[in-house]
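Student: mind folding the following:
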Amino acid sequence: ENITIKLMNIIDKYRIPYKLVDFEITETTADNTSDSLDTIMRMFNEKGISFSLDDYGTGYSNQSNLMKYPYSIVKIDKSMVWACDSNPNALVLLKHTVAMIKDLNMKVLAEGVETEKHLAFLKEIGCDYLQGYYFSRPLPVNDLIEVIKINTIKGEN
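Tutor: Residues are numbered from 1 along each chain as shown. Model prediction:
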């Protein structure tokens with residue numbers, strides 16, 4: 001109850017620009033949420049706050065979520081990326097999934113990028129953002145700050 005007010009108070013208290021805020025909603029959460037989620041998301045969108053759909057490809061009603069809610073980014077679950085290593089049909093499915101999401105004017109982030117092969121085919125099929133151990137394992141905040149300072153993330157161009 002009153003989650004929007006509480007979140008806006010926190011964002012405003014720390015003077016975080018709205019355009020820098022992106023809330024991730026898992027596919028399972030979106031599936032099990034009332035119609036109030038759409039209202040909340042649209043209110044935040046009006047202020048410039050965006051939403052990402054996380055774990056895309058792990059649930060049952062993917063397309064209905066994409067039609068129902070105003071996402072800016074769809075995060076492709078790593079299981080879809082990894083399936084491409086051994087299943088040619090998975091690559092076809094992923095390629096068309098990325099194209100569909102982009103046709104809906106949303107950005108695509110692929111999770112689970114672990115190899116140069118992953119990097120190459122995900123770039124080729126049009127993913128906007130890539131995330132995974134290929135670039136870096138999770139880091140403590142101090143180590144992350146050093147990586148940012150010296151720009152040493154693997155695969156960075």
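Student: contacts, neighbours, all on C-alpha from now
Tutor: OK.
Student: which residues touch C84?
Tutor: C84 sits next to 90-91 when contact means Cα atoms under 8 Å, 6 or more residues apart in numbering.
Student: please apply the same query to Y71.
Tutor: Y71 makes contacts with 50-53, 106, as judged by Cα under 8 Å, 6+ apart.
Student: who wins for neighbours among the residues you listed?
Tutor: For the contacts of Y71, the largest number of neighbours (other Cα atoms under 10 Å) sits with L53, at 26 neighbours.
Student: which of the residues in the helix or strand hosting N45 are classified as buried?
Tutor: If you go by DSSP states H and E, N45 is part of helix 36-47. Neighbour counts over helix 36-47 (16 or more other Cα atoms under 10 Å) mark 41-42, 44-45 as buried.
Student: returning to what we had before: okay, who's weakest in the contacts of Y71 by pLDDT?
Tutor: Within those, pLDDT reaches its minimum at L53, with 94.
Student: helix, strand or coil for that one?
Tutor: Following DSSP: H, G, I helix; E, B strand; the rest coil, L53 is assigned to strand.
Student: who's the residue nearest to the spatial centre of the chain bridged to?
Tutor: In the chain, the centroid-proximal residue (Cα atoms, centre = their mean) is K75; its distance is 3.2 Å. In this entry, K75 is beta-bridged to L109, by DSSP bridges.
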